[in-house]
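# I need the structure of the sequence given here:
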Amino acid sequence: VMAGHAQKKNFSYKFYGQVRGDLFYNSRANAEIVDGLFHLYPKDKNLDADGNDLNATANGSFYLLYSRLGVDVTGPNIGKAVTTAKLEADFRGSGSNWAVLRIRHAYVNLDWGKSAVLVGQTWHPLFGDVSPQMLNLSTGAPFQPFNRSPQIRYRYTSGKGLQLTGAVLWQLQYLSAGPNGKSEEYIKNSCIPEVYVSADYKVDGLIAGVGMEVLSLKPRQQTTVDDRVYKVNERVTSLSFEAYAKYMTLDWVIAGKTLLASNLTQACMLGGYAVTSVDPRTGEQEYTPYRHSMTWLNIVYGKKWKPGIFVGYAKNLGTSDELVSEKLYGTGTNLDKLVTAGAELTYNVPHWKFGVEYTLSSAWYGKLDKSDGKIIDTHSVSNNRIVAVAMFMF
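Presented below is the predicted three-dimensional model:
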């Protein structure tokens with residue numbers, strides 16, 4: 001394909017990728033994705049008949065699933081628009097099929113200079129330009145939104161550092177939680193895509209901005225009450241807000257983000273929704289979304305040797321309405337708060353990165369207060385995680 005005579009006119013291709021190995025150890029069982037590579041938070045105690053905690057068992061492994069290959073394509077202009085495309089895959093698979101090729105990015109971008117339109121799958125705008133620099137693949141989740149989704153995104157950039165973004169998004173690999181577990185059906189049946197808008201200010205190594213996200217899901221299409229099936233019309237709509245900043249010099253990177261997150265389970269975050277009323281005849285339910293406060297701070301220093309720290313704090317703010325049942329749909333719904341602190345040291349030379357990171361995560365679990373959805377009478381559990389990473393980038 002790369003031979004000169006096979007090249008298409010006005011096209012250029014740039015191949016890139018990485019070979020990445022992750023060796024990790026956890027002191028207890030965790031809520032996690034990808035067989036433990038993508039760590040979220042420690043699981044609550046699970047006592048056996050003698051009162052021993054079944055989740056207090058260490059685990060660890062070594063994977064190369066995040067090796068990846070991508071190609072950036074520049075195509076012929078359409079009118080005044082510069083056209084580019086990206087196709088990137090790794091071996092993370094999905095479901096229980098690890099080590100299977102999976103699309104990470106697949107999009108085309110039309111750039112008119114000040115205006116640009118992207119169509120395809122790439123980072124969710126909530127992930128954005130401000131994300132932590134760290135070795136753990138979770139990249140700050142569940143404090144930092146982590147999601148790549150099919151989307152149509154419009155971006156306006158002024159000459160004075162102002163950037164406005166608007167996007168509509170659907171779901172494919174990163175899914176909302178609901179009555180049927182994590183599934184694409186809730187947003188598919190909703191017929192309303194996720195909507196995101198933001199305003200950023202960018203100047204001399206500084207990025208600062210605010211964003212807002214709306215998600216409207218249809219949890220169920222039908223119910224069964226006393227062996228009778230009823231068609232139902234249920235919807236849960238939530239609103240989330242974010243503010244973030246990042247400052248970069250030659251040696252320093254200081255970044256932080258805070259969110260009022262409402263039902264952002266599709267972004268690998270804590271949250272979900274609860275039931276506020278049930279129709280006794282048809283079983284049709286009304287819902288209220290959970291609200292969580294999520295904040296992280298990340299500081300990295302250096303060029304060749306780079307020490308860094310990461311701190312994340314999440315707090316369950318409960319619901320605005322009273323709950324009628326203990327039925328909750330979501331992720332980490334029995335968590336009151338979560339605190340994670342990590343320190344890393346990486347060695348960086350051209351094309352290579354080696355590093356080790358230690359992370360302590362403490363989660364406070366308790367029981368549900370149905371009056372406001374909050375978690376009370378809490379106790380904490382902690383996990384110690386060590387990850388060592390070797391990466392060759394080309």
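# quick check, residue 186 in a strand?
No - read with DSSP: H, G, I helix; E, B strand; the rest coil, residue 186 is helix and lies in no strand.
# hey, what's the residue nearest to it when sequence neighbours are not counted bridged with?
Counting by CB to CB, 6 or more residues apart in numbering, residue 186 lies nearest to residue 217, which is 4.0 Å off, once chain neighbours are set aside. Quick note: C-beta positions are derived from backbone N, CA and C, even for glycine. Here residue 217 sits in beta bridges with residue 236, as judged by DSSP bridges.
# Quick check, residue 217 in contact with residue 178.
Yes - taking CB atoms under 8 Å as the definition, residue 217 is a contact partner of residue 178 at 6.8 Å.
# what about these two, which has more around it?
More crowded of residue 217 and residue 178, by other CB atoms under 10 Å: residue 217, with 29 against 24.
# ok, the more buried one to residue 82 distance?
Distance, residue 217 to residue 82, using CB to CB, to the nearest Å: 36 Å.
# go on, residue 101?
The spacing between residue 101 and residue 82, counted by CB to CB, is 29 Å.
# out of those two, which sits in the more crowded spot?
More neighbours surround residue 82 than the other of residue 101 and residue 82, with 15 against 11 (other CB under 10 Å).
# need the contact list for that one.
Residues counted as contacts of residue 82 (CB atoms under 8 Å, 6 or more residues apart in numbering) are 74, 110-112.
# Could you dump the residues you listed into a markdown table and include pLDDT and secondary structure?
Converted to a markdown table, the contacts of residue 82 look like this (pLDDT from 0 to 100; DSSP: H, G, I helix; E, B strand; the rest coil):
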| residue | pLDDT | secondary structure |
| --- | --- | --- |
| 74 | 95 | strand |
| 110 | 97 | strand |
| 111 | 97 | strand |
| 112 | 96 | coil |
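# can you give me the helices for the chain?
185-190 (DSSP state H).
# Just give me the residue closest to the centre of it.
Nearest residue to the geometric centre of the chain (CA atoms, centre = their mean): residue 146, 1.6 Å.
# Phi first, then psi, for that residue.
Note on residue 146: backbone dihedrals following degrees, to the nearest 10 are phi -130, psi 110.
# Could you pull up the residues touching it?
The contact partners of residue 146, by CB under 8 Å, 6+ apart, come to 127, 138-140, 174, 267-268.
# Mind putting the residues you listed into a markdown table with distance to residue 239 and pLDDT?
As requested, the contacts of residue 146 are arranged in a markdown table below (distance: CB to CB, whole Å; pLDDT from 0 to 100):
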| residue | distance to residue 239 | pLDDT |
| --- | --- | --- |
| 127 | 18 | 96 |
| 138 | 25 | 88 |
| 139 | 24 | 92 |
| 140 | 22 | 92 |
| 174 | 19 | 93 |
| 267 | 14 | 96 |
| 268 | 19 | 94 |
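# in the sheet, who's paired with the nearest residue to residue 161 once chain neighbours are set aside?
Sequence neighbours aside, residue 203 is the residue nearest to residue 161 in space, at 4.3 Å (criterion: CB to CB, 6+ apart). Counting by DSSP bridges, residue 203 forms beta bridges with residue 206.
# how close does residue 203 get to residue 163?
Residue 203 sits 11 Å away from residue 163, going by CB to CB.
# Check the burial of residue 337 by counting its neighbours.
Residue 337: 19 surrounding residues under other CB under 10 Å.
# thought it was touching residue 314?
Yes - between residue 337 and residue 314 there is a contact at 6.2 Å, judged by CB under 8 Å.
# got any residues that touch both of those two?
Counting by CB under 8 Å, 6+ apart, nothing touches both residue 337 and residue 314.
# lowest-pLDDT helix or strand in the chain?
In the chain, no helix or strand scores lower on mean pLDDT, DSSP states H and E than strand 30-33, which sits at a mean of 86.
# which residues touch that one?
Contacts to strand 30-33, defined as CB under 8 Å, 6+ apart, come from residues 36, 38-43, 268, 331-332, 361, 383, 385.
# what are the phi and psi values for residue 144?
phi -100, psi 130.
# hang on, isn't residue 102 packed against residue 90?
Yes - assessed by CB under 8 Å, residue 102 is found in contact with residue 90 at 6.0 Å.
# which among the contacts of residue 146 gets closest to residue 207?
Proximity of the contacts of residue 146 to residue 207 (CB to CB) peaks at residue 127, which lies at 13.4 Å.
# what sits against the closest one?
By CB under 8 Å, 6+ apart, the contact list for residue 127 reads 144-148, 267.
# could you redo these as CSV and give each row distance to residue 22?
Below are those laid out as CSV (distance: CB to CB, whole Å):
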residue, distance to residue 22
144, 18
145, 21
146, 16
147, 20
148, 19
267, 22
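# buried subset of those residues?
Buried by 16 or more other CB atoms under 10 Å: 144-148, 267, out of the contacts of residue 127.
# Tell me the one of these nearest residue 389?
Nearest to residue 389 among those is residue 146, at 17.2 Å by CB to CB.
# Any figure for the gap between that closest one and residue 126?
In terms of CB to CB, residue 146 sits 9 Å off from residue 126.
# and if you look at residue 16?
As judged by CB to CB, residue 16 and residue 126 stand 25 Å apart.
# Please apply the same query to residue 255.
15 Å.
# and residue 352, what is it in contact with?
Each residue near residue 352 by CB under 8 Å, 6+ apart is listed here: 391-393.
# Buried subset of these, written for ChimeraX?
Selection of buried members from the contacts of residue 352 for ChimeraX, criterion 16+ other CB under 10 Å:
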select :391
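# Nearest residue to residue 281 in space, please, no chain neighbours.
With CB to CB, 6+ apart as the criterion, residue 281 has its nearest non-adjacent residue at 7.0 Å, and that residue is residue 225.
# does residue 348 have beta-bridge partners, and which?
Per DSSP bridges, the residues bridged to residue 348 are residue 353.
# Run a quick check on it versus residue 300, I expect a contact.
No - with contact defined as CB under 8 Å, residue 348 does not count as touching residue 300 (10.7 Å).
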